[in-house]
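**Q** Could you look at this predicted model? Sequence included:
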Amino acid sequence: MELDFDQPELKNRAYYILSSLVTPRPIALVTTVDGTGNINAAPFSFFNLMGARPPICVFAPGNRDEETPKDTVLNIRANNEFVVNLVDESIAEAMNQCAASIPYGESELKRSGLTPLPSSLVQAPRIAEAPASLECEAYDTLEIGHNRMVIGLIKRVHVRDEIYDPESKRIRVDQLKTIGRMSAPHWYCKTSDRFEMIRPE
């Protein structure tokens with residue numbers, strides 16, 4: 001089967017097809033603040049790391065249905081900062097509550113029961129319950145058609161004590177139970193069922 005997204009009957013199906021194929025995807029629960037200090041928290045599964053020298057991540061906040069930018073975008077435009085909070089099994093439902101559309105300036109964290117903690121370098125708070133939080137400085141935003149990609153320079157990382165080994169300076173992956181996004185619109189997966197393959201020399 002060959003699918004041509006230039007064909008009119010498939011052009012509007014690209015999101016549903018691709019987001020169900022390219023799985024699992026990590027979830028960025030992004031926290032930002034507006035000009036008066038109101039906290040916004042929103043989940044994005046079009047997200048990943050894109051390099052380590054320097055450390056960068058990318059996420060893609062689309063527009064609202066009426067084609068206006070989401071609160072996350074407006075806040076990043078205002079102060080060029082954000083925090084990516086990773087999502088594990090323990091905060092999966094709280095993350096889902098943050099996806100609700102609420103008026104600009106209202107905090108999704110209050111609705112979800114998640115707790116803001118001060119970040120070290122950026123104004124936006126991190127989330128206390130997240131297994132890890134990445135403090136980011138916005139490097140650039142690329143707009144391609146109706147897509148918007150925010151590139152962040154990762155300036156500081158916070159991780160739960162139990163998932164970091166200070167001797168080896170590695171993550172204890174057996175202690176990290178992140179979830180992934182599967183097919184649109186409502187499916188997710190756990191990442192606790194893992195297997196190891198040793199890379200050949």
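**A** Arrived safely, thanks for sending. Here the structure is a predicted model, which is why all the values come from computation and not from measurement.
**Q** In this structure, which residue is most central in space?
**A** A28 (1.3 Å; C-alpha atoms, centre = their mean).
**Q** Could you pull up the contacting residues of that one?
**A** Contacts for A28 (C-beta atoms under 8 Å, 6 or more residues apart in numbering) come out as P43, F44, S45, F47, C57, F59, V84, N85, L86. Heads up, the C-betas are built off the backbone N, CA and C, glycines and all.
**Q** ok, now W187?
**A** Residues in contact with W187 (C-beta under 8 Å, 6+ apart) are R181.
**Q** again, but for N96
**A** In this structure, N96 makes contact with P43, judged by C-beta under 8 Å, 6+ apart.
**Q** now N12: how far from S19?
**A** 13 Å (C-beta to C-beta, to the nearest Å).
**Q** where exactly do the helices run in this structure?
**A** All helices of the chain, identified by DSSP state H, fall at 8-11, 14-21, 71-79, 92-97, 108-112.
**Q** D140 is nearest to which of those?
**A** helix 71-79 (10.9 Å; C-beta to C-beta).
**Q** Who are the packing partners of the closest one?
**A** Secondary-structure packing of helix 71-79 (3 or more C-beta pairs under 8 Å, 6 or more residues apart in numbering; DSSP states H and E): strand 28-33, strand 39-44, strand 81-86, strand 132-144, strand 147-159.
**Q** So for A52, which of these sits nearest?
**A** Checked against C-beta to C-beta, the stretch from these lying closest is strand 147-159, at 9.0 Å.
**Q** Distance from the chain centre to that closest one, please.
**A** Here the centre of strand 147-159 is set off from its chain's centre by 9 Å, with C-alpha atoms, centre = their mean, to the nearest Å.
**Q** N12 and S19: which is more packed in?
**A** Using other C-beta atoms under 10 Å, the more surrounded residue of N12 and S19 is S19, with 18 against 9.
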